[in-house]
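> sequence and predicted structure below; questions after.
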Amino acid sequence: MKNYYAVIFTSQRTVSDSQGYYLMSEKMAELAKKQPGFIDIVSSRDSNGFGITISYWESLEAIQKWKENMQHQTAQHKGKETWYSSYHVRICKVEREYSF
């Protein structure tokens, strides 16, 4: 497989889910899967609200288009406003992979 990119999104959730966080999270994962250049997505959250989502993309251009998606921008705004007390995004080039 040629080189590709990983977007690593780590976040600390606020206490309440009364604003539909999990529903939006599922919707965004399904929407991302339909974007050109999408490869895969994995996500996990612990009982203290710390989470990590890693999405994999064919190119930096595909990542930028996903960032600019209007529905994704709405979710990003809601996240900053309501769902996250903090988050961090890292974009990495994957040069090699292997598995067992």
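That came through, no problem.
> can you give me the helices in this protein?
All helices of the chain, identified by DSSP state H, fall at 21-33, 60-68, 70-78.
> indicate which one of the ones you listed is closest to Phe50.
Nearest to Phe50, of all these, is helix 21-33, at 14.0 Å by C-beta to C-beta. C-beta coordinates here come from the backbone N, C-alpha and C atoms, glycine included.
> next, count neighbours for Val94.
Using other C-beta atoms under 10 Å, Val94 has 14 neighbouring residues.
> repeat for Gly79
Neighbours of Gly79 using other C-beta under 10 Å come to 19.
> wait, it touches Tyr87, no?
Yes. Gly79 is in contact with Tyr87 according to C-beta atoms under 8 Å; the separation is 7.1 Å.
> return the residues in contact with Val15.
Applying C-beta atoms under 8 Å, 6 or more residues apart in numbering to Val15 gives the contacts Gly49.
> OK, contacts around the closest residue to Ile8 other than its chain neighbours?
Spatial nearest neighbour of Ile8, excluding adjacent residues (C-beta to C-beta, 6 or more residues apart in numbering): Arg90 at 4.3 Å. Residues near Arg90 by C-beta under 8 Å, 6+ apart: Val7, Ile8, Thr10.
> among those, which one has the most neighbours?
When neighbours are counted by other C-beta under 10 Å, Val7 leads these with 19 neighbours.
> just the local confidence number for the closest residue in space to that one that isn't next to it in sequence, please.
Leaving aside its chain neighbours, Val7 sits nearest to Ser55 (4.8 Å; criterion: C-beta to C-beta, 6+ apart). pLDDT recorded at Ser55 is 97.
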